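Q: what follows is a predicted protein model with its sequence.
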Amino acid sequence: MKNITKILSAALLLAFAAGAYAEDKYDQLAKDLTSAGSAVHGKKIAIIPFSYADGRAAAKDGSVISERLTIKMINMHKFEIIERSVLDKVMAELKLQASGMIDASSAQQLGKVLGVEAIITGTLVEMQAGQIEVNARLIRTETAQAIGASQVMLKKDWIGDAATAPQQPAYEQPAYQQPSYQQPAAQPVARAARPRGENEYGFVDIFMGFGSPNMAMEFENSNNNITITDYANRANNDIGIWGPAFGTGTNYRSVRFDKLTTEGMGPIAVRVGGFGNGPFGGDVEFSFEKRNMKAQTAAWLLNGASAGNVTFSTNDYATVKSFGISGDLLMRVPTKKIDPYFGIGLGMSLNSVTLPYVKGFTNSTVFSKPTEDFGIGFMLRVPVGLRIKAGANTHIVTEFRYEMNHIMFDRGAIAGESDTITLSGAKFLVGLGFTF
């Protein structure tokens, strides 16, 4: 039990650590513009505070965004960035802030006075829930040609600006007034939602699983009072297991069975998830599965020591019905037709445990059979699969996974009782996915 808990804890930390990674939006702006400006690498550029596309004042918003972008680009060491104080002074002298716009002539003026090969400027669009759409452009000063662009959605986490009523920008302080760039003869920039990447999609999967996981079962009581008898005294037996040498009854602390074969069905499951434009994705899965122990002869251990073999003559000694809620962190290699993926998943299960020949307090205040208990389980799995693109919005999904469900119960709150059933093994799943 302690080892399983450690494994689950380590896997949970790994999943959360990996899930916590996401590229910073300012990093995305910096990378897109740096990539587009490969022809001017090593040259001087200026980053001008952004302005709102509808003409409202943006002293704080435009200044904060351009300042954060400046830090990112300085740390990339691809350009020489003009210091902000120098930029403010030159723009004030050229009175560029008064108009709030930079046209072809103004861009060329800045290039000559500052000695810069290109400038970065852009427009802002206020969205709902504190979001700001940033449309940035890299402009070559000599030709006033836009040679690169990037669009991101940022969370406004500072105080100030973002007024709701459009207004014409006014000249107040040169250091904070925001120019906007208009390319000669160009149409106004239309407000648009962030475009979805080529390999980005959400999905809903419905699938069926096949497999026969092993069952490990242990009855454990710290009071050493699990009674086992011979067949003649079976009425006094606690767990329906008899041996020729037990007589009227012998008490044990632990009775364990390993690698019991099972039969059953499932999982039958639905999962909802998605992938970004990169390799990472995730899902949440809801599943149902039924497993029962098959008739067999199996080895058993009493108080941790081998006790030989015991025969189960029926298929109903132990039946488990499980409803699982779990999540996967996924990594894939996107291609045009097939997305291979693998991952790690954690979750919990709600389990109905039926033991017809085992005594407990689940159905009566008298210690009697059957035991029909409820147990909480912890789930761990490692999926490896393929998403095969069968149509514009459909996938065929095949998956091979190792899965473990560790269930704890106590036969109706018996004092000192700590019983477990662990289902573990490989499963094959096939299903249909619908993308959105």
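A: Sure, I can see it. Numbering: from 1, shown residues only.
Q: when you work out contacts or count neighbours from here on, use the C-alpha atoms and nothing else.
A: OK.
Q: next up, the contacts around Thr319.
A: 290-293, 353-355 (CA atoms under 8 Å, 6 or more residues apart in numbering).
Q: okay if I get the residues you listed as a markdown table plus secondary structure and neighbour count?
A: Compiled in a markdown table, those are given as follows (DSSP: H, G, I helix; E, B strand; the rest coil; neighbours: other CA atoms under 10 Å):
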| residue | secondary structure | neighbour count |
| --- | --- | --- |
| Lys290 | strand | 18 |
| Arg291 | strand | 24 |
| Asn292 | strand | 22 |
| Met293 | strand | 21 |
| Val353 | strand | 23 |
| Thr354 | strand | 20 |
| Leu355 | strand | 20 |
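Q: between those residues, which is nearest Asn251?
A: Leu355 (19.7 Å; CA to CA).
Q: now for that closest one: which residues touch it?
A: Contacts of Leu355 by CA under 8 Å, 6+ apart are 316-319, 370-372.
Q: can you read off the backbone torsions of Tyr26?
A: phi -70, psi -40 (degrees, to the nearest 10).
Q: quick check: closest non-adjacent residue to it.
A: Leu69 (5.8 Å; CA to CA, 6 or more residues apart in numbering).
Q: quick one: pLDDT of the one you found?
A: Predicted confidence (pLDDT) for Leu69: 91.
Q: shouldn't it be within a helix?
A: Yes - Leu69: assigned to a helix according to DSSP: H, G, I helix; E, B strand; the rest coil.
Q: so how far is Gln28 from it?
A: To Gln28, Leu69 is 10 Å away according to CA to CA, to the nearest Å.
Q: more neighbours: which of these two?
A: Between Leu69 and Gln28, Leu69 has the larger neighbour count (other CA atoms under 10 Å), namely 20 against 16.
Q: residue contacts, the more buried one?
A: 26-27, 29-30.
Q: follow-up on the earlier one: where neighbours are concerned, which of the contacts of Leu355 has the most?
A: Neighbour max across these (other CA under 10 Å) = Thr371, 24 neighbours.
Q: who's in contact with that one?
A: 353-363, 411-412.
Q: adding distance to Asp205, pLDDT and secondary structure, write these out as JSON lines.
A: Formatted as JSON lines, those follow (distance: CA to CA, whole Å; pLDDT from 0 to 100; DSSP: H, G, I helix; E, B strand; the rest coil):
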{"residue": "Val353", "distance to Asp205": "28", "pLDDT": "98", "secondary structure": "strand"}
{"residue": "Thr354", "distance to Asp205": "31", "pLDDT": "98", "secondary structure": "strand"}
{"residue": "Leu355", "distance to Asp205": "34", "pLDDT": "98", "secondary structure": "strand"}
{"residue": "Pro356", "distance to Asp205": "36", "pLDDT": "97", "secondary structure": "coil"}
{"residue": "Tyr357", "distance to Asp205": "39", "pLDDT": "96", "secondary structure": "coil"}
{"residue": "Val358", "distance to Asp205": "39", "pLDDT": "97", "secondary structure": "coil"}
{"residue": "Lys359", "distance to Asp205": "41", "pLDDT": "97", "secondary structure": "coil"}
{"residue": "Gly360", "distance to Asp205": "40", "pLDDT": "97", "secondary structure": "strand"}
{"residue": "Phe361", "distance to Asp205": "41", "pLDDT": "97", "secondary structure": "coil"}
{"residue": "Thr362", "distance to Asp205": "37", "pLDDT": "96", "secondary structure": "coil"}
{"residue": "Asn363", "distance to Asp205": "39", "pLDDT": "94", "secondary structure": "coil"}
{"residue": "Arg411", "distance to Asp205": "36", "pLDDT": "97", "secondary structure": "coil"}
{"residue": "Gly412", "distance to Asp205": "37", "pLDDT": "95", "secondary structure": "coil"}
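Q: where does the chain have low pLDDT?
A: 1-23, 58, 97-101, 161-195 (pLDDT under 70).
Q: residue closest to the middle of it?
A: Gly282 (4.2 Å; CA atoms, centre = their mean).
Q: looking at it, it is touching Gly327, isn't it?
A: Yes - using CA atoms under 8 Å, Gly282 is in contact with Gly327, at 7.3 Å.
Q: strands along the stretch 301-436 of the chain, start to end?
A: 305-312, 319-332, 338-355, 371-389, 394-409, 419-435 (DSSP state E, counting those that start in this stretch).
Q: sorry, wrong one. I was asking about the stretch 1-150 of the chain.
A: Using DSSP E, counting those that start in this stretch, strands in the stretch 1-150 of the chain cover 44-47, 51-52, 80-81, 101-102, 118-126, 131-140, 145-155.
Q: now for the longest one, which elements pack on it?
A: Under the contact definition 3 or more CA pairs under 8 Å, 6 or more residues apart in numbering; DSSP states H and E, strand 145-155 sits against helix 25-36, strand 131-140.
Q: now Arg271: how far from Ile325?
A: Counting by CA to CA - Arg271 and Ile325 are separated by 10 Å.
Q: between the two, what contacts are shared?
A: 284-286.
Q: what's around Glu93, how many residues?
A: Counted with other CA under 10 Å, Glu93 comes out at 10.
Q: could you do Gly377 as well?
A: 22.
Q: Val272 too?
A: So Val272, with other CA under 10 Å, has 18 neighbours.
Q: what helix or strand does the residue nearest to it when sequence neighbours are not counted sit in?
A: Of all residues not flanking Val272 in the chain, Val204 sits nearest, at 4.6 Å (CA to CA, 6+ apart). Val204 belongs to strand 201-210 when assigned by DSSP states H and E.
Q: how far away is Leu96 from Leu69?
A: Applying CA to CA, the value for Leu96 to Leu69 is 21 Å.
Q: okay, domains of this structure per the record?
A: 23-181, 199-435 (automatic domain parsing).
Q: measure stretch 196-212 end to end?
A: OK, stretch 196-212 end separation, CA to CA: 41 Å.
Q: show residues contacting that stretch.
A: In contact with stretch 196-212 (CA under 8 Å, 6+ apart) are residues 261-278, 334, 397, 425-436.
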